[in-house]
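quick check, what structure comes out for this input:
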Amino acid sequence: MSPSVVSVQPTDDYKLIVSFDNSDTKLFDVSPYLDKGIFQELKDVSYFKRVSVAFGSVEWPNEQDFSYDTLYLLGGNLTEILQYNQKADR
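Residues are numbered from 1 along each chain as shown. Next comes the predicted model:
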């Protein structure tokens, strides 16, 4: 079983910084889902930023959500991403 979400922080470019109860932090890109069904409402950045933690996962006011499994398994390791970006900037 994947760990539960303990905090979520939205970015301006449709990504979520998601912290889990096992101390992992992942970067989950929502942009591939923005043209699909109920997720289209998330294109509004102000609405996208209304994401919150609910039942160990994340959701928005109109019931769009991603399971903790999806966030954990498909999210990139934030530490590795930051290290890669720092190397690329050199």
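
for the rest of this, base every contact and every neighbour count on C-alpha atoms.
Fine.

remind me which residues of this structure are low pLDDT?
1, 80, 84-90 (pLDDT under 70).

which stretches of it form strands?
For the chain, the strands defined by DSSP state E cover 5-10, 15-20, 25-29, 52-54, 57-59, 65-66, 76-77.

all the helices of this structure, in order from the start?
Remark: helices assigned in the chain by DSSP state H are 45-48, 68-74, 78-89.

redo the strands of the chain as a markdown table? Include mean neighbour count and distance to Phe39.
Listed next are these as a markdown table, based on neighbours: other C-alpha atoms under 10 Å; distance: least, C-alpha to C-alpha, whole Å:
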| stretch | mean neighbour count | distance to Phe39 |
| --- | --- | --- |
| strand 5-10 | 20 | 15 |
| strand 15-20 | 21 | 13 |
| strand 25-29 | 21 | 13 |
| strand 52-54 | 17 | 15 |
| strand 57-59 | 22 | 11 |
| strand 65-66 | 15 | 9 |
| strand 76-77 | 16 | 20 |
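
right, so of those strands, which gets closest to Lys43?
Nearest to Lys43, of all these, is strand 15-20, at 11.6 Å by C-alpha to C-alpha.

by how many degrees do the closest one and strand 5-10 diverge?
Using axes from the mean of the first three to the mean of the last three C-alpha atoms, to 10 degrees, the direction of strand 15-20 lies 160 degrees away from that of strand 5-10.

residues in contact with strand 15-20?
Identification of contacts with strand 15-20 by C-alpha atoms under 8 Å, 6 or more residues apart in numbering yields 3-11, 25-31, 71, 78.
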